[in-house]
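Trainee: generate a structure from the sequence data that follows.
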Amino acid sequence: MEIEKWLTRIIELGTEYGLRLLGAFLIWFVGNWIIKKLIAGSRKLMQKRELEESLQKFLLDLLSWLLKILLILAILAKLGVETTSFAAILASAGLAVGMALQGSLGNFAGGVLIMIFKPFKIGDLIEAQGETGVVKEIEIFTTKLIGLSNKEIIIPNGVLSNGNIINYNTEGTRRVDLIFGVSYDANIKDTKEVLMNVLTAHPLVLKDPKPTVNVLELADSSVNFAVRPWCNTTDYWTVYFDVMENTKLALDAAGIEIPYPHQVEIKKN
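Mentor: You can find the predicted model right below:
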């Protein structure tokens, strides 16, 4: 009789918890399917409203996390776990974890600020935290850049949102600042003409704003000229390298001496 009671109890418990486990599995399966559909629908709605790609990614990630948390709570409730008690425990644990992960919470807040104020968007060329690159992704906690040498750079959003950011794409154009030194024997007017001809002959140098060539300083061994062409942001390095090379060739052809050794100073805008 005692064995029969134990067997009966085991069968009852197995049936009860087996059904709960089955229900929890069904909730997990159906919940994941619903979450995928909601995310896909939200993505289509955002694309229809032409929201920025960076904002879409951020909002979809946030929505996905919230829906998954709700799904986990639903599964725990199905398994018989008191969600109210669990919520209290989660709140207490969340406070402790929050204290331990202040940096991560700061990164999350930084991500929110970036989304609100939009100092940059995906595809922009920016300089921040000592790094320069094209924005690849803006995530909840970090922002990913592709550096000029095609390396991936990951910057926490907390420090990124609180630091200086230079966005080279906002205005659409950039000025290339170069300094060339020539011999004191060279005629200033002729030198300026040669340098200006190099700039005006280049197809990627903009006519508006106009390029400028001016005497910058009388250095110890050279007269230094500030050479400043304007170009579209995407053409910056092409113009930079071309002007460097073409200037050397033009000065040589005009018989204008460049003192040796000659250093070219580059100033960042």
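Trainee: how far does stretch 170-187 stretch from start to finish?
Mentor: Using CA to CA, to the nearest Å, one end of stretch 170-187 lies 39 Å from the other.
Trainee: quick one: the helices in the protein?
Mentor: Along the chain, the segments classed as helices by DSSP state H run 2-48, 53-78, 83-100, 102-117, 157-162, 188-201, 236-253.
Trainee: what's around residue 252, how many residues?
Mentor: 11 (other CB atoms under 10 Å). For every residue, glycine as well, the C-beta is placed using N, CA and C.
Trainee: among the helices of the chain, which is nearest residue 168?
Mentor: helix 236-253 (7.7 Å; CB to CB).
Trainee: now stretch 218-231, how far from the centre of its chain.
Mentor: 34 Å (CA atoms, centre = their mean, to the nearest Å).
Trainee: buried stuff in that stretch?
Mentor: For stretch 218-231, the neighbour count (16 or more other CB atoms under 10 Å) marks 222, 223, 224, 225, 226, 227, 228, 229, 230, 231 as buried.
Trainee: what comes into contact with it?
Mentor: 173-184, 186, 188, 191-192, 195, 199, 202, 204-206, 209-217, 238-239, 243, 247, 258-259, 262 (CB atoms under 8 Å, 6 or more residues apart in numbering).
Trainee: now do the same end-to-end measure for stretch 144-157.
Mentor: Per CA to CA, stretch 144-157 runs 10 Å from first to last residue.
Trainee: same check on stretch 163-177?
Mentor: First-to-last residue span, stretch 163-177, CA to CA: 25 Å.
Trainee: which of the contacts of stretch 218-231 are buried?
Mentor: 174-176, 178-182, 186, 191-192, 195, 199, 202, 205-206, 211, 213, 239, 243, 247, 258-259.
Trainee: returning to that earlier point: mind checking which of the contacts of stretch 218-231 are in strands?
Mentor: 173-175, 178-182, 212-217 (DSSP state E).
Trainee: nearest to residue 73, of these?
Mentor: When these are ranked by distance to residue 73 (CB to CB), residue 174 comes first, at 51.2 Å.
Trainee: return the residues in contact with that closest one.
Mentor: 168, 230, 231, 232, 233, 236, 269.
Trainee: change it to 7 Å
Mentor: 168, 231, 233, 236, 269 (CB atoms under 7 Å, 6 or more residues apart in numbering).
Trainee: what of residue 202?
Mentor: By CB under 7 Å, 6+ apart, the neighbours of residue 202 are 239, 242, 243.
Trainee: among the buried residues of stretch 218-231, which are in strands?
Mentor: Going by DSSP E, the strands hold 223, 224, 225, 226, 227, 228, 230, 231 from the buried residues of stretch 218-231.
Trainee: where does pLDDT dip in the stretch 1-150 of the chain?
Mentor: 1-19, 54, 80-103 (pLDDT under 70).
Trainee: re earlier: so which of the helices of the chain is the most packed in?
Mentor: Across the helices of the chain, averaging neighbours per residue (mean count of other CB atoms under 10 Å) puts helix 157-162 on top, at a mean of 20.
Trainee: identify the residues contacting residue 246.
Mentor: residue 198.
Trainee: make 669 the first number, not 1, from now on.
Mentor: Sure, I'll start counting at 669 from here, so that last one is residue 914.
Trainee: how close does it sit to residue 866?
Mentor: Distance, residue 914 to residue 866, by CB to CB, to the nearest Å: 5 Å.
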